[in-house]
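1. Sequence and predicted structure are below.
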Amino acid sequence: MEFSILIGGEAGDGVKQAGLIVAKIFNELGYHIFVYDDYQSLVRGGHNFSIIRISDEKILTHKDHVDLIVALNQDTIEKHFWRAKGDVLFDSNKVKSEGIGIPALSKAKEMGSHLLRNTIFIGAISKYFGIDLSIVEDVIKKSFKKMQKENMDALKFGYDSLDEKHKIDKIGEPREIHSGNESIALGAVGAGMKMYIAYPMTPASSILHYLASHEDDLNVVTVQPENEIAVATMAVGAAYAGVRTMVGTSGGGFALMNETVSMCAQSETPVVFVDSQRAGPSTGIPTYQMQADLKFVVNSGHGDIVRVVVAPGDAEESYLLTANAMNLAWKYQIPTFVLIDKHISESTFSVEFPEVKKEEAKLWDGNGDYKRYEFTEDGISPLAFPGDKAIVKGTSYEHDEYGITIEDAESAKKMQEKRMKKREFLIKELKNMETVKVYGNENSDVTLLTWGSTKGACIEVAKELGLKVVQPLYVEPLPMWELGKHLRGRVIAVECNASGQLADMLDIKERILKYDGRPFTPEELKKRLEEIL
Amino acid sequence: MNLNTNAKITWCPGCGNFGILTAAKNAIEELGNNEKTVIVSGIGCHAKIVDYINVNSFYSIHGRVPPTATGVKLANPDLNVIGFAGDGDAYGEGLEHLIFAAKRNINITMIIHDNRIYALTTGQFSPTSPEGFKGKSTPKGSVEEPFNPIKLMIASGATFVARSFAGDIKHLKEMIIEGVKHKGFSVIDVLQPCITFFNTYDYYRQNTYKLENHNFTDEKKAIEKAEEWNYNDGGKIPLGIFYKVDKPTYDELLLKGRNPRKM
C-alpha cells in the first residue's frame, strides 16, 4: 500500500514545513516516508513543492504521480495537474480548479494569521486519509510552540471541511525520520567528530544548521569562516591539534578546497570533506540535483593522493558511510570524502541507523623522540598532538621522519612510497567491509550499475522488471574485487549527469543519463529502460 | 630546552630572516611553556623558520597561515599559537584570512616577514613594494601603490598592531613577547631587508625611529602614526606598538569555556 501527496505554493508559504508535518503524521502511524522538496533559489515568490510519499515498504525516492494534490496557489495546478491520479484540494480564495475547494486563506486570517492556512490543509489531508484526529493533534502540538489554540482550531476546521476518502490505520510504531544532511552530521558525531566547519552553500548548508542548533546535545563546535579555503585549512589546523573535524560544501566550494586536499595528503592530516552535489557546472542550478562531481572528487587535489571516497545512496548509508569516512581518515591519516547530492541531502527519510563507533587511530606510545612521519610497515606513523609532550612537526613540504624539510631524491622517494603504501593496507581493510550493494534479481541478464541517490529509482524499477542493481558504496578505491563479480552480462549505467562518469570509470558503454537537475523517478526510469530493453 | 634543530639553514647569508629567527627563539625561550607553543608558517623564504625552531609546528601553504593557526587555537585553546607569514603570503595571497583573523580577534600572533618583495620566486613586486618598483615582472616599474598594512590591520579590528625591524633583534624580541602576551589578535609587521633582491638595511637604519609617548589605545592617534610612512619612499618610519586595546577574543566567545581537544 502506498500514497503520494503533493503540496505546492510560493516560497514563504511554508510548503516545506507542511510537507514535513504530513510525513510525521504518517510516520506516527508506522509508515515509511520519503519527502522530496523542490524549491528555487529565491526567498519569496516562485514555486515550491513537496512530494510526500508514504508506503508500508521501505522507499528511497518519490514518484511522478500523486494521489492528492494540495494547491496553495494557481501555479500548483498549472504545473502539476498532469501528476494527479486522485483528487485536488485547493485554497478557493486563491485557486481556480476542479476538486475540493476550501476557503483557507480567509478563514486563516479570520483565526489570527495567514500562516494557519497550512494547518487547515493538514487537517483536510488527515481527514481525506481517514486519520484519527487525536494523532494529528499530537503532531501539531509538537510542531507549533506558538498559537497552539489557534492551530488546533485551524486543524479542526480543515478536518471538518471534507469527507473521508481513505481509511489509514496505524500499522506500527513510528521510526526516526531524518534528512540525508542530518544523517551525515549524526554519523560523523558517532565516529567522534568534535568540530564542523563550513561556509553556507546549498545543498550542504543544513549540515551546518543542524549541528549549530544541536551543539550542546551532540557535543560539537561549529564554525563558519570567511570562505571555503579558510574552512578547509582551519580543519587541517584543528585535526593537526587532535580534533576530529569535518567540512561540508557543494561543488563550487569544494573547488576552493582543492589545495587543502593536497595539503592533507602531504601532511598526512585526516579531514573529512562532504561534497553535496548540485546541478553544475559553476553556479548551475543551485537548488537542484546532479551527480556530476564524481570524477572531480575522486581526482581532487594535485599530486598523488591516497584517499577514500564514499558515495551513500540514502540517509542510512549517509550515516554509516560518514562514520566510516571519519574512522578511515584517522586510521590512515588521509583525506576522505562523502559524496552525496541534493536528493539525499535535503530529502527526508525513515531511518533505522546501524551502530557506529569511534575507531581509534594509531597513537604514539610516548617513548623516545617523537617522529611525526616515522617509517612503519604499513606507512602509518603514530599520531601525537601539540601539548602532549611530543614535538609535533606537520608539514605540506616534503620532509624527513621528523617533519623537517628535505629535497634530496632518495628521501623524497622514500616518503612518497610511505604515503602510497597506506593504500595497500586500506584496500585490505575495505575488502572486509561492505563496499558494494546488490539488489533485485541476481540472475538477471541485465544489470543496472548506479551510485548515490539514483539507486532509489533503480531498485524500484529493477524489482518491477526483474533486473539486478549494483551500487558501489565506495568509489575510491573502486572496489573492483566486488564489482568484478557482479558486473556481468548486459550492464547499463544509470546516473544523473551528462557524460556517465561512473560508466567512464568502469568502461561501461550503455548509459541512461539524466541531467536536467531533477532526480530520476521510478516512472521515468522505467520508460527510459523500456525504450532500450 | 634546546630550540635548535638539525635542519640546515638555507637563507642567503645576511638575510633579514636571521634576525627574525633569533628574536623569535629568544622570545619563545623567555615566554616559556614551549610544549604548548605551536608555530605555523606559509610559503616563501619566511616559511622555513618552522624547520629551525624546535617546537610544535605546521608548515602550511601560501596565504593560509591565519586559518591554519585559527584551527589549531580553536581545537585546543590552551595552546599558544604564533603564525609566521611573508608579505606576499599575508598581504597578497591570503589577505582575506588576515583581515578576518583581525576582525574576529582570535587570540593568536602573526609575525609578518615584510621584505616588500617576492624573494623565493626571484624578485617580483609584492603588496608592500613601493610604487615604481622594478622587478622581473615589472621591468618598467610597478604601477601599484603599496598597502599600508598597519592602517589596514587597525581598520580590520586587530587589537594589537606593531612594527619592528629585523635589524633590531632586541626590539623585535620585545614586540613578539608583547604580541604573544596580548590577549587577542596581535600582528607585527617586521621590516625585513632582502639582501639579494631588495636590500633595505641602510634605508631602515637611517629612517626608522622608536615610538615614544604614543597613546596606543587611541585609534585616531594610531592611524596618524601609521600614516607617517606609507610604504613608499619618504617619511620617517615609526617602530613599536601603534595600537593595543582589550576586547573579548573569538576563541573565548565561540568556545565558551569548551576545549574541543578535551571534549
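-> That came through, no problem.
2. Enumerate every residue touching the residue in the stretch 51-200 of chain B that chain A sits nearest to.
-> Proximity of the stretch 51-200 of chain B to chain A (CB to the nearest CB) peaks at B:Gly71, 2.4 Å away. (C-beta placed from N, C-alpha, C; glycine too.) By CB atoms under 8 Å, 6 or more residues apart in numbering or on different chains, the contact set of B:Gly71 is A:Ile197, A:Thr233, A:Met234, A:Ala235, A:Val236, A:Gly237, A:Ala238, A:Ala239, A:Tyr240, A:Ala241, A:Thr245.
3. Please name the nearest non-neighbouring residue to it.
-> A:Gly237 (2.4 Å; CB to CB, 6 or more residues apart in numbering or on different chains).
4. Just name whatever secondary elements the helix or strand the one you found falls within is in contact with.
-> For A:Gly237, the host element (DSSP states H and E) is helix A:228-240. Packing contacts for helix A:228-240, counted by 3 or more CB pairs under 8 Å, 6 or more residues apart in numbering or on different chains; DSSP states H and E, involve strand A:195-198, strand A:245-249, helix A:251-256, helix A:258-267, strand A:271-277, strand B:56-59, helix B:65-75, helix B:95-104.
5. Break down chain B into its helices, ranges please.
-> B:16-31, B:49-52, B:65-75, B:87, B:95-104, B:149-156, B:169-181, B:201-207, B:219-226, B:250-255 (DSSP state H).
6. and the longest one, what's its mean pLDDT?
-> The reference is to helix B:16-31. What helix B:16-31 shows for mean pLDDT is 98.
7. Give me the contacts around it.
-> Taking CB under 8 Å, 6+ apart as the rule, helix B:16-31 contacts B:1, B:3, B:9, B:11, B:34, B:37, B:39, B:45-46, B:48-49, B:52-53, B:55, B:80, B:82, B:84, B:111, B:113, B:115, B:164, B:166-170, B:172-173, B:176-177, B:180-181, B:190-195, B:201.
8. buried subset of those?
-> B:3, B:11, B:34, B:37, B:39, B:45-46, B:48-49, B:52-53, B:55, B:80, B:82, B:84, B:111, B:113, B:115, B:164, B:166-169, B:172-173, B:176-177, B:180, B:190-195, B:201 (16 or more other CB atoms under 10 Å in any protein chain shown).
9. what residues does the stretch 401-533 of chain A put near chain B?
-> For the stretch 401-533 of chain A, the contact set with chain B under CB under 8 Å from any CB of the partner chain comprises A:Gly403, A:Ile404, A:Thr405.
10. now do 6 Å
-> Taking CB under 6 Å from any CB of the partner chain as the contact definition, the stretch 401-533 of chain A meets chain B at A:Ile404, A:Thr405.
11. do chain A as well
-> Contact residues (CB under 6 Å from any CB) of chain A with chain B: A:194-195, A:219, A:221, A:226, A:230, A:233-234, A:236-238, A:240-243, A:259, A:263, A:386-387, A:391-397, A:404-405.
12. Buried subset of those residues, written for ChimeraX?
-> Burial among the residues of chain A next to chain B is assessed by 16+ other CB under 10 Å; the matching ChimeraX selection reads:
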select /A:194,195,221,226,230,233,234,236,237,238,240,241,242,243,259,263,386,387,391,392,393,394,395,396,397,404,405
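13. tell me which residues in stretch B:85-102 are buried?
-> B:85-102.
14. Kindly report the same for stretch A:58-68.
-> Neighbour count says stretch A:58-68 has A:Ile59, A:Leu60, A:Thr61, A:His62, A:Lys63, A:Val66, A:Asp67, A:Leu68 buried, by 16+ other CB under 10 Å.
15. just stretch A:25-35 next, same as before
-> A:Ile25, A:Phe26, A:Asn27, A:Glu28, A:Leu29, A:Tyr31, A:His32, A:Ile33, A:Phe34, A:Val35.
16. Could you export the residues you listed as JSON lines, including pLDDT and secondary structure?
-> Shown next, in JSON lines, are those (pLDDT from 0 to 100; DSSP: H, G, I helix; E, B strand; the rest coil):
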{"residue": "A:Ile25", "pLDDT": "98", "secondary structure": "helix"}
{"residue": "A:Phe26", "pLDDT": "98", "secondary structure": "helix"}
{"residue": "A:Asn27", "pLDDT": "98", "secondary structure": "helix"}
{"residue": "A:Glu28", "pLDDT": "97", "secondary structure": "helix"}
{"residue": "A:Leu29", "pLDDT": "97", "secondary structure": "coil"}
{"residue": "A:Tyr31", "pLDDT": "98", "secondary structure": "coil"}
{"residue": "A:His32", "pLDDT": "98", "secondary structure": "strand"}
{"residue": "A:Ile33", "pLDDT": "98", "secondary structure": "strand"}
{"residue": "A:Phe34", "pLDDT": "98", "secondary structure": "strand"}
{"residue": "A:Val35", "pLDDT": "98", "secondary structure": "strand"}
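17. Tell me the one of the residues you listed nearest A:Thr521?
-> A:Phe34 (11.4 Å; CB to CB).
18. Chain neighbours aside, what residue packs nearest to B:Ser129?
-> B:Arg116 (5.0 Å).
19. dump the residue contacts of that neighbour.
-> B:Ser126, B:Thr128, B:Ser129 (CB atoms under 6 Å, 6 or more residues apart in numbering or on different chains).
20. follow-up on the earlier one: show me the subset of the contacts of helix B:16-31 that also lies near chain A.
-> Within the contacts of helix B:16-31, nothing lies near chain A by CB under 6 Å from any CB.
21. how many neighbours does A:Lys96 have?
-> Counted with other CB atoms under 10 Å in any protein chain shown, the neighbours of A:Lys96 add up to 10.
22. Could you report the neighbour count for the closest residue to it other than its chain neighbours?
-> Nearest non-adjacent residue to A:Lys96, counting by CB to CB, 6+ apart: A:Gln74, 6.9 Å away. Applying other CB under 10 Å, we find 15 residues neighbouring A:Gln74.
23. Okay, A:Gln74 and A:Ile100: tell me how far apart.
-> For A:Gln74, the distance to A:Ile100 equals 16 Å [CB to CB, to the nearest Å].
24. now A:Thr376
-> 71 Å.
25. go on, A:Met263?
-> 60 Å.
26. go on, B:Ile99?
-> From B:Ile99 to A:Ile100 the distance is 58 Å (CB to CB).
27. one step back: taking the buried ones among the contacts of helix B:16-31 one by one, which sit in strands?
-> B:Thr37, B:Ile39, B:Asn80, B:Ile82, B:Phe84, B:Ile111, B:His113, B:Ser164, B:Val190, B:Leu191 (DSSP state E).
28. Please work out how many residues are found near the residue lying closest to B:Asn207 once chain neighbours are set aside.
-> Computed as CB to CB, 6+ apart, the closest residue to B:Asn207 that is not its neighbour in sequence is B:Ile237, at 5.0 Å. For B:Ile237, the count of nearby residues is 16 (other CB under 10 Å).
29. show me the contacts for B:Ile237.
-> B:Asn207, B:Thr208, B:Trp229 are the contacts of B:Ile237 under CB under 6 Å, 6+ apart.
30. hey, what's it bridged with?
-> According to DSSP bridges, B:Thr208 are recorded as the beta-bridge partners of B:Ile237.
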